[in-house]
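# Here's a sequence, model it:
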Amino acid sequence: MCDCIIIGAGPAGLTAAIYLIRENKKIKILEKESIGGKIASSARVENYPGFKSISGAALADNLYEQVTNLGGVIDIEEVQSIKNGKIKEVVTDEGVYETKSIIIATGTHYNTLNLDMEEKYLGNGISFCTVCDGAFYKDKVVAVVGGANTAIINAIYLSSIAKTVYLIVRSDTLKGEASVIDELLEKENIKILYESNVIKYLGDDTLTGIIIKTKDGEQTLEVAGVFMSIGQIPETKEFSNLIELDSNNYIKSSEECTTNIPGIFVAGDVREKRVRQLTTAMNDGTIAALNVIDYLKNIENYPEKD
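Model prediction:
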């Protein structure tokens, strides 16, 4: 019997684990893939307080060591479903675990183009976060892939850093808000390529360029970086029959990181919110853990079934 099962070993889940272990709570951390979440694939992190620069892998290692030094254990198991009740059950590909509370911190995964060499260049020329990685491309040529609001905002942001920004749009029009599009069109160093698709990455150890297919044929662009802005997919399919989701399948929650089910909390990028950053994920982990502690103190006041 656990006091809390944390699903996901990214920054949100590991932060929650630190707080709960220090309160002498019996926890289990379940992670289906790799420890550290998306941040572990970032070559450099320079917007995390206390570190001028640190690799995402090193930051993930530090979090892992902090949790394990406190006595925490991370099990590599894939969660398949949750069964609700005062005592809840988490069903994985390895077994069934009972717990008094749950924190869902499964995060999201970015949409990609699924091209050859894409995985190799993640963190070495291909990025998803302009705020995190944009500064690395000062006075260089970069490309943004996407044509909706996020892509447009990312292109505008990069235009103040990079020498030239190519905005590669699959359709023949932009799909952002009018005011944002107007701002984009005012930027002289943003070049919009409509009806274009990236079909190949170029480079050796790091990305040096891309080949795009347009209505007029193929074109090679020399770019130092490519920023994917074609959406994120929240990891929520295992919980969709129980937890209330928004129209984009993110978990609905309060500012206290509670969900529609008493005793089930949510933290990090998988939560419905506007800002998704490393620091906000850790903030969620802290809030969720502290509210789990309060929940466990008052668990007798909750019904057997919701």
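# for A17, what are its contacts?
I6, I27, I29, V67, L70, G72, A289 (C-beta atoms under 8 Å, 6 or more residues apart in numbering). (Each C-beta comes from the backbone N, C-alpha and C, glycine too.)
# Please flag which of those sit within helices.
Within those, membership in helices is found for V67, A289, as judged by DSSP state H.
# filter the contacts of A17 to the buried ones?
The neighbour-count test (16 or more other C-beta atoms under 10 Å) marks I6, I27, I29, V67, G72, A289 as buried among the contacts of A17.
# Going by residue numbers, what spans are helices in the stretch 201-306 of the chain?
If you assign secondary structure with DSSP state H, counting those that start in this stretch, the helices in the stretch 201-306 of the chain sit at 278-297.
# Show me where it dips below the pLDDT cut-off.
Across the stretch 201-306 of the chain, the stretches falling below the confidence threshold (pLDDT under 70) are 301-306.
# ok, of the contacts of A17, which one's closest to A16?
Compare each of those with A16 using C-beta to C-beta and the shortest gap goes to A289, at 4.1 Å.
# Check the gap between the closest residue in space to the closest one that isn't next to it in sequence and P49 for me.
Closest residue to A289 apart from its sequence neighbours, by C-beta to C-beta, 6 or more residues apart in numbering: Y19 at 3.7 Å. Using C-beta to C-beta, to the nearest Å, one obtains 18 Å as the distance from Y19 to P49.
# So for those two, which residue has more residues nearby?
Using other C-beta atoms under 10 Å, the more surrounded residue of Y19 and P49 is Y19, with 18 against 6.
# Just confirm that one is within a helix.
Yes. When the secondary structure is assigned by DSSP: H, G, I helix; E, B strand; the rest coil, Y19 falls within a helix.
# Now that it has come up, it's in contact with T286, right?
Yes. Proximity of Y19 to T286 meets the contact threshold set by C-beta atoms under 8 Å, at 6.1 Å.
# I'd like the distance between the residue of the chain positioned farthest from its centre and L193.
When each C-alpha in the chain is compared with the mean C-alpha position (C-alpha atoms, centre = their mean), D216 comes out farthest, at 35.8 Å. Summarising the geometry, the distance separating D216 from L193, computed by C-beta to C-beta, is 11 Å.
# Could you pull up the residues touching G107?
With C-beta under 8 Å, 6+ apart as the criterion, the residues that contact G107 are G8, G10, A12, G37, K38, P234, E235, G268, D269, V270, A281.
# again, but for E23
With contacts taken as C-beta under 8 Å, 6+ apart, E23 has the following neighbours: I293.
# residue closest to the middle of this protein?
The residue lying closest to the centre of the chain (C-alpha atoms, centre = their mean) is T108, at 4.5 Å.
# Hmm, that one is touching K273, no?
No. In this structure T108 lies outside contact range of K273 using C-beta under 8 Å: 11.5 Å.
# What helix or strand is the nearest residue to K191 once chain neighbours are set aside located in?
Distances taken as C-beta to C-beta, 6+ apart place Y166 nearest to K191, at 5.3 Å, with adjacent residues excluded. In the assignment (DSSP states H and E), Y166 maps to strand 164-168.
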